[in-house]
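S.K.: I'd like to go over a predicted model; first the sequence, then the structure.
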Amino acid sequence: MNKLIRMTFAIVTLSIMTVSCDFRPLVEPGNTHYVRVYLDEHILNTTEGFYNPEHVKPTYKRPEIMRVTLGDKSTGRVVAERYLRNHGNDARGHYYDGYIICDPGEWSLLAWIFDTEATQVSDPTDQHLSKAYTNRIASHLMAGISSRLNKTKTGGTSAPEKIVYEPDHLFVAREPDVSIPYSAAIDTIRTPGGEYFTASTIVESWYIQVNVRGLEYVSSALGLITGLAGSKTLFDAGLDSDDPVTDYFEMTARKAPEGSDTGVIYATFNTFGRIPDTSSGLEVTFDFQTNYGKALSARIDITEEFRKEDAVKHRWIILDKTIEIPKGESGGGGFSPGVNDWNDINTDLII
């Protein structure tokens, strides 16, 4: 009798477990939509189009996470979002894909890379207001800019100069018209033309170079460019002309070839873009520290450089000028990458 009771109990228990353990797929149909976003990785001066292939190239790291949002077309309010972590490759290129849950309707799509270092995004819950920007440089870097010591004004303007980190590339995909019909099964969100989405960077990479005579007396150098925009909206890639900034970046040296006393310093810098018709123009300042303890700087107006063929076609600024670094009392050293503490003596160089 006890054996029969135990067998009956076991059968009932197995029946209950069979009913309760309903193994469901990770994604359920109904208001669930597959989305795929490709990366456009053709970036001048970062992945291709280099001025001199022998020079040090910028480091390009493929992003890890893509944030996808669907929003109200009239207000921009985000109604659904998903972080895509799955990667893939096919003949078209590298892509991110996954699933997003959203009610049927007419929406707008905005997607962007989530894991940038210097580039920040404000108002991420409003597609119309979302904006990319970078922060001011750290105080210890600011204290090391010899040409800006005891100076708080940008040339010709009354506003304090805002020196910021250069942005890293922010890939953005945007589509103002996304139609999601009702479906009982998992469907795929596409562009009105039936394609997958593509994210392109809203950041520009520029190459700049200038000749330097006496490079053996330089231990480090950096560059500052004024007249640039400090932010850009994601949905329409619009520059904020009311947010002028100065980009900060370090320079690399290439020593003079044999038989010459003139080498070059160069850099690839990133920017959201230059402010059109800026009243103060565009100016680059090169700050040098010499190996004999003197801080030197050279300023060059580059407004016209942006109109030259190299700039328009390739985003190259090749300055046909030579900066002369005077010989000091102590020798030794030579150019070494990086920015050290600057001496408080500052001299403007004649070009």
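M.R.: Arrived safely. Numbers count the residues shown, from 1 in each chain.
S.K.: What's the separation between residue 52 and residue 107?
M.R.: For residue 52, the distance to residue 107 (CB to CB, to the nearest Å) stands at 46 Å. Any C-beta I mention is one placed from the backbone N, CA and C, and that applies to glycine too.
S.K.: These two: who's more crowded?
M.R.: Taking neighbours as other CB atoms under 10 Å, residue 52 and residue 107 compare with residue 107 leading, 24 against 13.
S.K.: Can you verify my assumption that the more buried one contacts residue 74?
M.R.: No - using CB atoms under 8 Å, residue 107 is not in contact with residue 74, being 10.7 Å away.
S.K.: Please save the CA atoms from the lengthiest strand in the chain in CSV.
M.R.: Across the chain, the longest stretch assigned as strand under DSSP state E is strand 218-229. What follows is strand 218-229, C-alpha atoms only, in CSV (Å, rounded to 0.1, in the frame of the first residue of the first chain):
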residue,chain,number,x,y,z
VAL,A,218,62.3,70.2,-28.7
SER,A,219,61.3,67.7,-26.1
SER,A,220,57.5,67.9,-26.6
ALA,A,221,54.8,69.8,-28.5
LEU,A,222,51.0,70.2,-28.6
GLY,A,223,48.5,71.9,-30.8
LEU,A,224,45.5,74.1,-30.2
ILE,A,225,42.9,75.0,-32.9
THR,A,226,40.3,77.7,-32.3
GLY,A,227,37.1,78.4,-34.2
LEU,A,228,35.7,74.8,-33.9
ALA,A,229,32.2,73.7,-32.9
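S.K.: Can you name the secondary structure element that comes next after it?
M.R.: Going down the chain from strand 218-229, the next helix or strand is strand 231-233, by DSSP states H and E.
S.K.: quick one on the thing from earlier: average model confidence for the longest strand of the chain?
M.R.: Confidence for strand 218-229, expressed as mean pLDDT, is 96.
S.K.: from now on call the first residue 3
M.R.: All set: I'll call the first residue 3, so the last point we hit is now strand 220-231.
S.K.: buried set for it?
M.R.: Buried residues in strand 220-231, defined by neighbour count with 16 or more other CB atoms under 10 Å: 220, 221, 222, 223, 224, 225, 226, 227, 228, 229, 230, 231.
S.K.: Out of those, which is nearest to residue 39?
M.R.: The nearest member of these to residue 39, counting by CB to CB, is residue 231 at 25.4 Å.
S.K.: Could you report the neighbour count for the closest residue to that closest one other than its chain neighbours?
M.R.: Nearest non-adjacent residue to residue 231, counting by CB to CB, 6 or more residues apart in numbering: residue 241, 4.2 Å away. Other residues near residue 241 come to 18 when the count uses other CB under 10 Å.
S.K.: Kindly report the same for residue 141.
M.R.: Residue 141 sits with 8 neighbouring residues when counted by other CB under 10 Å.
S.K.: circling back to that earlier point, what packs against the longest strand of the chain?
M.R.: On a contact count with 3 or more CB pairs under 8 Å, 6 or more residues apart in numbering; DSSP states H and E, strand 220-231 meets strand 206-215, strand 246-252, strand 264-273, strand 285-292.
S.K.: ok and the third one relative to strand 206-215, angle-wise?
M.R.: For the pair strand 264-273 and strand 206-215, the angle between their directions (axes from the mean of the first three to the mean of the last three CA atoms, to 10 degrees) equals 160 degrees.
S.K.: How far off centre is strand 264-273?
M.R.: For strand 264-273, the separation from the chain centroid amounts to 18 Å (computed by CA atoms, centre = their mean, to the nearest Å).
S.K.: What strands line up against that strand, and which way round?
M.R.: Paired strands of strand 264-273, with direction, are strand 206-215 (antiparallel), strand 254-256 (antiparallel) (DSSP bridges).
S.K.: what pLDDT, on average, does the longest one get?
M.R.: Predicted confidence along strand 206-215 averages 97 (mean pLDDT).
S.K.: so residue 125 sits right up against residue 131, yeah?
M.R.: Yes - between residue 125 and residue 131 there is a contact under CB under 8 Å: 3.9 Å.
S.K.: Which residues lie in contact with residue 241 in this structure?
M.R.: 231, 233, 234, 274, 275, 277, 278 (CB atoms under 8 Å, 6 or more residues apart in numbering).
S.K.: ok, the residues you listed vs residue 183, which is closest?
M.R.: Comparing the contacts of residue 241 against residue 183 with CB to CB places residue 234 closest, at 33.4 Å.
S.K.: residues in contact with the residue lying closest to that closest one once chain neighbours are set aside?
M.R.: Sequence neighbours aside, residue 274 is the residue nearest to residue 234 in space, at 4.2 Å (criterion: CB to CB, 6+ apart). Going by CB under 8 Å, 6+ apart, residue 274 touches 134, 169, 204, 205, 206, 230, 231, 232, 233, 234, 241.
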